[in-house]
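J.: can't give you the sequence, but here's the structure:
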Ligand SMILES: Nc1nc2c(ncn2[C@@H]2O[C@H](COP(=O)(O)OP(=O)(O)OP(=O)(O)O)[C@@H](O)[C@H]2O)c(=O)[nH]1
């Protein structure tokens, strides 16, 4: 069943190498096989050994019978005992008993003889008359401890051989698994652990003996190399995409900022932008000790244009006047903001009151002398101007209030005029102004 691996395992299971696991399993399996085969072989050897041993004891007994037959016939007790000793000296023989037909019983043995039934019982025939009376009975007990020693020695040799072969197989399998599986997998695992998004060019170096074929490890390494390349390309593509999007976003932000600061009808700065920018201009003027003047420009009887020719015509007039004023200023030093309705404020950094009044006169004449053409109509306009110079210590609002008051006075004096505020810094609060313009 496929197993999904969680992205971050809170308690990872202990690490166990695949190769070590395989080696352990192979060793266990080989030992089990060895024990089964060795056990079967031991049983087989035991049975075979038992038969061979019994046959050997029988052969010994038959040889002993022919020798003892002569000795008994000659009634040579010493010869009988010698033969008995010889029989006992054979390793396969544990105990020998000779019951002579005449009565005596001869015994010889190695000790530790158990009184169970003998392995071989043979009648001793007469050496002269075949088929005659028996001279006695020969009973031979096998030397079981010798038999067991023999069997165990053979079994140990067989099992030892199996063990040796098993160990050799296990060692060879372990060496192959270590070389062909464990080491390359460890190298790949180390490489994968060190792989980071900012370090994708890290080369996968793994050492394997030269082979004329590829295997799963080679395919894994090739897969990693392809994945690395694909990730690198993908990240580069993403970086490029992020860069482009950031640029687009910055352009959009700039555009939005521009729009939020621009009067959509005339293209001048709007009131909000003016509120931000004027205090900065005043600070700069103070820092560098330079003059700064502002002027209010207000079209006269503009309501009549709207009422007489429609609001759209009024819009065209406002746009046209804004363009004219802008065209006659020192852009980008001077700047214009639409203060409201048909009223503009023109800020003139580094400009004295006299120069500002001269400019206002020029703009007044420009308004008056060049009619605006809208839908085949020729509209003659005039404008009034209120001019004031920035006085150290006053705020932007105070400066604007003085210029506005001057404009008010220009309007009150009959319009199409320039009124300058001459009371900056004098402490004189008498509302008065010097008027210039059409008389
Ligand atoms: N077409 C147009 N008219 C506007 C806009 N903003 C304000 N107005 C109009 O401008 C006119 C201003 O009228 P008033 O304040 O009486 O001023 P005025 O008629 O110019 O008279 P004075 O300033 O006293 O000479 C009003 O009719 C407003 O509707 C605008 O964006 N477009």
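T.: Nice, thanks for sending it over. Since this is a predicted model, take the numbers as computed values, not measurements.
J.: which residues sit against stretch 259-271?
T.: 272-273, 276-277, 315, 318-319, 322-323, 326, 335-340, 344 (C-beta atoms under 8 Å, 6 or more residues apart in numbering). Just so you know, the C-beta spots here come from the backbone N, C-alpha and C atoms, and that holds for glycine as well.
J.: filter those down to the ones close to the ligand.
T.: Within the set of the contacts of stretch 259-271, contact with the ligand (C-beta under 6 Å from any ligand atom) is found for 315, 318.
J.: Return the subset of the contacts of stretch 259-271 lying in strands.
T.: Cross-referencing the contacts of stretch 259-271 against strands under DSSP state E gives 335-340, 344.
J.: what about the stretch 151-300 of the chain, any weak spots by pLDDT?
T.: Within the stretch 151-300 of the chain, no range satisfies pLDDT under 70.
J.: Could you measure from the residue nearest the centre of the chain over to the ligand?
T.: Centroid-nearest residue in the chain: residue 196, 6.3 Å away (criterion: C-alpha atoms, centre = their mean). Going from residue 196 to the ligand by C-beta to the nearest ligand atom, to the nearest Å gives 59 Å.
J.: and what of residue 247?
T.: 35 Å.
J.: Three-state assignment for that residue, please.
T.: Using DSSP: H, G, I helix; E, B strand; the rest coil, the structure places residue 247 in helix.
J.: Tell me how many other residues crowd it.
T.: When neighbours are counted by other C-beta atoms under 10 Å, residue 247 registers 10.
J.: Then residue 102?
T.: Residue 102, neighbours per other C-beta under 10 Å, totals 9.
J.: tell me the contacts of it?
T.: When contacts are taken as C-beta under 8 Å, 6+ apart, residue 102 is in contact with residue 136.
J.: how about it, phi and psi?
T.: phi -80, psi -10 (degrees, to the nearest 10).
J.: and which of the ones in strands among the contacts of stretch 259-271 is nearest to the ligand?
T.: residue 340 (7.2 Å; C-beta to the nearest ligand atom).
J.: contacting residues for that closest one?
T.: Listed by C-beta under 8 Å, 6+ apart, the contact set of residue 340 reads residue 271.
J.: Could you number the chain from 24 rather than 1 from now on?
T.: Sounds good: first residue 24 from here, last item residue 363.
J.: what about the closest residue to the ligand within the stretch 274-423 of the chain, distance to residue 315?
T.: Minimum separation of the stretch 274-423 of the chain from the ligand (C-beta to the nearest ligand atom) falls at residue 337, amounting to 2.6 Å. As judged by C-beta to C-beta, to the nearest Å, residue 337 and residue 315 stand 31 Å apart.
J.: Please apply the same query to residue 432.
T.: On the measure of C-beta to C-beta, residue 432 and residue 315 end up 21 Å apart.
J.: cool, and residue 306?
T.: Using C-beta to C-beta, residue 306 is found at 10 Å from residue 315.
J.: Residue 368 now?
T.: Distance, residue 368 to residue 315, by C-beta to C-beta: 13 Å.
J.: And the strands in this protein?
T.: With DSSP E, the ranges of strands along the chain come out as 116-123, 128-132, 143-148, 157-165, 315-322, 358-363, 366-372, 395-397, 400-402, 406-412, 440-443, 457-460.
J.: Burial check on residue 260, number of neighbours?
T.: 10.
J.: try residue 252
T.: 12.
J.: repeat for residue 309
T.: Residues near residue 309, counting by other C-beta under 10 Å, number 13.
J.: Kindly report the same for the one 4 residues further on.
T.: The burial metric for residue 313, expressed as a neighbour count using other C-beta under 10 Å, is 13.
J.: so it sits right up against residue 371, yeah?
T.: No. Checked against C-beta atoms under 8 Å, the pair residue 313 and residue 371 is beyond contact range at 10.9 Å.
J.: Okay, buried residues for stretch 45-57 please.
T.: 46, 49-50, 53-54, 57 (16 or more other C-beta atoms under 10 Å).
J.: and of these, the nearest to residue 141?
T.: Comparing the buried residues of stretch 45-57 against residue 141 with C-beta to C-beta places residue 57 closest, at 38.9 Å.
J.: tell me what the top helix by length along the chain is packed against?
T.: Secondary structure of the chain per DSSP state H: the longest helix is helix 41-96. Packed against helix 41-96 by the contact rule (3 or more C-beta pairs under 8 Å, 6 or more residues apart in numbering; DSSP states H and E) you find helix 100-112, strand 116-123, strand 143-148, strand 157-165, helix 167-200.
J.: Compute the inter-axis angle for that helix and helix 100-112.
T.: Interaxial angle, helix 41-96 versus helix 100-112 (axes from the mean of the first three to the mean of the last three C-alpha atoms, to 10 degrees): 170 degrees.
J.: how about the residues of the stretch 274-423 of the chain that lie near the ligand?
T.: Residues of the stretch 274-423 of the chain lying close to the ligand (C-beta under 6 Å from any ligand atom) are 288, 321-326, 329, 334, 337-338, 341, 364-365.
J.: 5 Å instead?
T.: 323-326, 329, 334, 337-338, 364-365 (C-beta under 5 Å from any ligand atom).
J.: Mind splitting this protein into its structural domains?
T.: Under the assignment automatic domain parsing, the domains of the chain span 43-172, 218-283, 294-460.
J.: for the ones you listed, which one ends up most surrounded?
T.: domain 294-460 (a mean of 18; mean count of other C-beta atoms under 10 Å).
J.: now that domain, how far from the centre of its chain.
T.: 65 Å (C-alpha atoms, centre = their mean, to the nearest Å).
J.: Ok, stretch 156-170 next?
T.: For stretch 156-170, the distance to the chain centre is 85 Å (C-alpha atoms, centre = their mean).
J.: Averaged pLDDT, that stretch. What do you get?
T.: Taken as a whole, stretch 156-170 carries a mean pLDDT of 85.
J.: Endpoints of it, how far apart?
T.: Using C-alpha to C-alpha, to the nearest Å, one end of stretch 156-170 lies 34 Å from the other.
J.: And stretch 197-208, by the same measure?
T.: End-to-end distance (C-alpha to C-alpha), stretch 197-208: 15 Å.
J.: and the gap between the residue of the stretch 124-273 of the chain found nearest the ligand and residue 285?
T.: Scanning the stretch 124-273 of the chain for the residue nearest the ligand gives residue 273, at 31.6 Å (criterion: C-beta to the nearest ligand atom). Using C-beta to C-beta, we find residue 273 at a distance of 18 Å from residue 285.
J.: I'd say the residue of the stretch 274-423 of the chain closest to the ligand and residue 325 touch.
T.: Yes. Counting by C-beta under 8 Å, residue 325 is a contact partner of residue 337 at 6.8 Å.
J.: shared neighbours of the two, which are they?
T.: Joint contacts of residue 337 and residue 325 (C-beta under 8 Å, 6+ apart) are residue 365.
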